[in-house]
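# Would you be able to build a 3D model of this:
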Amino acid sequence: QVQLVESGGGLVQAGGSLRLSCAASGRTFSRYAMGWFRQAPGKEREFVAYIAASDDRTRYAESVKGRFTISRDNAKNTVYLQMNSLKPEDTAVYYCAGSSIEGATKHEWYGTWGQGTQVTVSS
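Below is the predicted model:
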């Protein structure tokens with residue numbers, strides 16, 4: 001079973017950048033598709049980005065396309081989310097998650113979750 005720990009969140013001004021990291025324990029990290037989700041207060045958890053296990057194919061929510069980049073380093077058991085041109089509406093708790101389902105963009109398809117890291121974007 002893979003365990004996930006996010007880091008890199010914080011407070012940033014609008015237009016700024018942050019890079020989130022998600023470190024995974026366990027030897028099977030490279031077998032998992034990985035995703036980033038976020039949840040703002042009073043809102044449902046929403047998909048942000050996905051990266052495949054096998055060939056690094058990626059998918060993004062329309063709201064972050066062109067601003068966020070997901071990547072992974074299987075040698076370091078880590079997945080990243082580079083966030084540029086941040087907006088106040090990006091404020092949320094960000095979660096990384098692992099799935100055995102290729103192409104997974106719904107949170108129901110993810111079985112392993114980190115504890116989340118807070119991202120706050122001030123205007």
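# Who are the contact partners of Lys76?
Ala23 (Cβ atoms under 8 Å, 6 or more residues apart in numbering). For every residue, glycine as well, the C-beta is placed using N, CA and C.
# before we move on, which element is the closest residue to Asp56 other than its chain neighbours in?
Of all residues not flanking Asp56 in the chain, Arg72 sits nearest, at 6.9 Å (Cβ to Cβ, 6 or more residues apart in numbering). In this assignment (DSSP states H and E), Arg72 forms part of strand 68-73.
# quick one: average pLDDT of that strand?
Summarised as a single mean, pLDDT over strand 68-73 is 97.
# Now do the very next helix or strand once past it against strand 68-73, angle only.
For strand 68-73, the following helix or strand on the C-terminal side (DSSP H and E) is strand 78-83. Using axes from the mean of the first three to the mean of the last three Cα atoms, to 10 degrees, the inter-axis angle of strand 78-83 relative to strand 68-73 is 160 degrees.
# what does strand 78-83 contact?
Counting by Cβ under 8 Å, 6+ apart, residues outside strand 78-83 touching it are 17-24, 34, 36, 48-49, 51, 64, 67-73, 90, 94, 96, 119.
# ok, of those residues, which come out buried?
Buried by 16 or more other Cβ atoms under 10 Å: 18, 20-24, 34, 36, 48-49, 51, 64, 68-70, 72, 90, 94, 96, 119, out of the contacts of strand 78-83.
# Identify those among these that sit within strands.
18, 20-24, 34, 36, 48-49, 51, 68-70, 72, 94, 96, 119 (DSSP state E).
# Please name the bridge partners of the residue nearest to Asp56.
Val79 (DSSP bridges).
# how much space is there between it and Trp113?
For Arg72, the distance to Trp113 equals 17 Å [Cβ to Cβ, to the nearest Å].
# Could you do Cys96 as well?
Going from Cys96 to Trp113 by Cβ to Cβ gives 8 Å.
# Are we agreed that Tyr108 is in a helix?
Actually, residue 108 is Glu. It isn't Tyr. Yes. Counting by DSSP: H, G, I helix; E, B strand; the rest coil, Glu108 is found in a helix.
# and the residue nearest the centre of the chain, what does it touch?
For the chain, Trp36 is the residue whose C-alpha lies nearest the centre (Cα atoms, centre = their mean; 2.3 Å). Contact partners of Trp36, counting by Cβ under 8 Å, 6+ apart, are Leu20, Cys22, Val48, Ala49, Tyr50, Ile70, Val79, Leu81, Tyr94, Tyr95, Cys96, Ala97.
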